[in-house]
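**Q** Sequence unavailable; structure follows:
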Ligand code: MG
């Protein structure tokens, strides 16, 4: 899983640096295909429940599961990249939202709140804590900044399958759910909207957008529970 995580981190970092006005979302998918192949890994997403691409690219009010294609990224857009890699039968899964060129102060605040919520969730992921301590930490971090957390999509356990038990909501009270133990691997992924938390699925059957058309962001890491600080598997060293 460390190897899968490192591959995901490296590819997302490369994609992040390639994002600029004028690039198409399909070009980002092509980069992902080439890089995965170079690492001897395969996309966790391609073919998952029929998903047609190797990477999810979701722009502005698109939250998750956007299908890369002809769309051209423009100055001021925010774009969420979500990718998973499978190597030797183990998965890594991570996401980030980046600005294209100069973005609005409100969009910048959204990105900082979502990334910060991920950090707060990770800090709560300690051996002996309850699963929902992560959920509560994420929710309180986001709502203190005036944004809302999505309810319909959640984090998850990860390992030999991309999506394993338990589900990890980004909201809820502390002290519920399973007790975290060393060796568990979890994908924490706050999804945050500037407006209301409601979402809808587009006509392609995949692309999830905010119901009110507000901007949204998504940050995810795969982590492992240890005796101390959680180990972030999808971070570049
Ligand atoms: Mg995930």
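**A** Received, thanks. Since this is a predicted model, take the numbers as computed values, not measurements.
**Q** hey, let's count contacts and neighbours off CA atoms from now on
**A** Noted.
**Q** Now do the helix of greatest length in the chain: distance to the chain's middle.
**A** Longest helix in the chain, counting residues (DSSP state H): helix 105-123. Here the centre of helix 105-123 is set off from its chain's centre by 12 Å, with Cα atoms, centre = their mean, to the nearest Å.
**Q** Of all the residues in that helix, which ones are buried?
**A** Buried residues in helix 105-123, counted by 16 or more other Cα atoms under 10 Å: 107, 110-122.
**Q** Which of the residues you listed lies at the shortest distance from residue 22?
**A** Among the buried residues of helix 105-123, residue 107 lies closest to residue 22 (Cα to Cα), at 19.7 Å.
**Q** ok, now which ones touch the closest one?
**A** Neighbouring residues of residue 107 by Cα atoms under 8 Å, 6 or more residues apart in numbering: 78, 215.
**Q** go again using 10 Å as the cut-off
**A** 60, 76, 77, 78, 98, 99, 113, 194, 215, 216, 217 (Cα atoms under 10 Å, 6 or more residues apart in numbering).
**Q** Likewise for residue 150?
**A** Contacts for residue 150 (Cα under 10 Å, 6+ apart) come out as 63, 139, 169-171, 190-193, 196-199, 210, 216, 218.
**Q** same thing but 7 Å
**A** Applying Cα atoms under 7 Å, 6 or more residues apart in numbering to residue 150 gives the contacts 191, 192, 197, 198.
**Q** how far away is it from residue 209?
**A** Distance of residue 150 to residue 209, given as Cα to Cα, to the nearest Å: 11 Å.
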